[in-house]
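[1] With the sequence up front, the predicted model follows.
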Amino acid sequence: MVIIEDKNDFSKKFYNKLADYRRVDKFKKEKFPLENEGLETIKLKDAFKLVHELDSDLCYGCKCKMLFCNYTPYCVYQFSFDRIDNTKIHSINNLRIVCWNCNSSGYGSIKQSCSRGCHENLDASQDITFYWETSRHLKCEKV
């Protein structure tokens, strides 16, 4: 279970995200009306519920520690709601919580460096070395 330490900060961060979610969801409802019939964009109480139901604060994709409060905009470790089915809106039954890096860059992508200074290094993959095997293929190995 994940406990949100600063509910006011979490609420502000959520409402900043919600503006973008509503814009995307309006487009999704127009493009895929049948898939989104009867669905509603996530609300704050649903966001608290989803976070509370998490087993840990580790990202589903890359296993780094996610931040739910006290981060700066564009921090790669901030929580993000990833739609499981991208034809559907950001509804409570269509979301999983991942770090912003995994949601914006794709699961398994190389972690972008976070130079925001709002945290220490939270990356769980410090024991993985990335190197270019060929000009187009990236290979990673455990050290």
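    Done, it's in.
[2] what sits against the residue most central in space within the chain?
    In the chain, the C-alpha closest to the average C-alpha coordinate belongs to residue 80, at a distance of 2.5 Å (CA atoms, centre = their mean). Applying CB atoms under 8 Å, 6 or more residues apart in numbering to residue 80 gives the contacts 17, 97, 98, 99, 100, 102, 103, 104. C-beta coordinates here come from the backbone N, C-alpha and C atoms, glycine included.
[3] swap the cut-off to 6 Å and go again
    Contacts for residue 80 (CB atoms under 6 Å, 6 or more residues apart in numbering) come out as 98, 100, 103.
[4] Which of the residues you listed fall in helices?
    Secondary structure from DSSP state H places 100, 103 of those in helices.
[5] Name the nearest of the contacts of residue 80 relative to residue 39.
    Taking CB to CB as the measure, residue 39 lies nearest residue 103 of those, at 19.4 Å.
[6] for the longest helix belonging to the chain, which positions count as buried?
    Longest helix in the chain, counting residues (DSSP H): helix 7-31. Neighbour counts using 16 or more other CB atoms under 10 Å place 10, 13, 14, 17, 18, 21, 25, 28, 29 of helix 7-31 among the buried residues.
[7] In JSON lines, list the residues you listed along with pLDDT.
    Listed next are those as JSON lines, based on pLDDT from 0 to 100:
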{"residue": "10", "pLDDT": "95"}
{"residue": "13", "pLDDT": "94"}
{"residue": "14", "pLDDT": "95"}
{"residue": "17", "pLDDT": "94"}
{"residue": "18", "pLDDT": "94"}
{"residue": "21", "pLDDT": "95"}
{"residue": "25", "pLDDT": "97"}
{"residue": "28", "pLDDT": "97"}
{"residue": "29", "pLDDT": "97"}
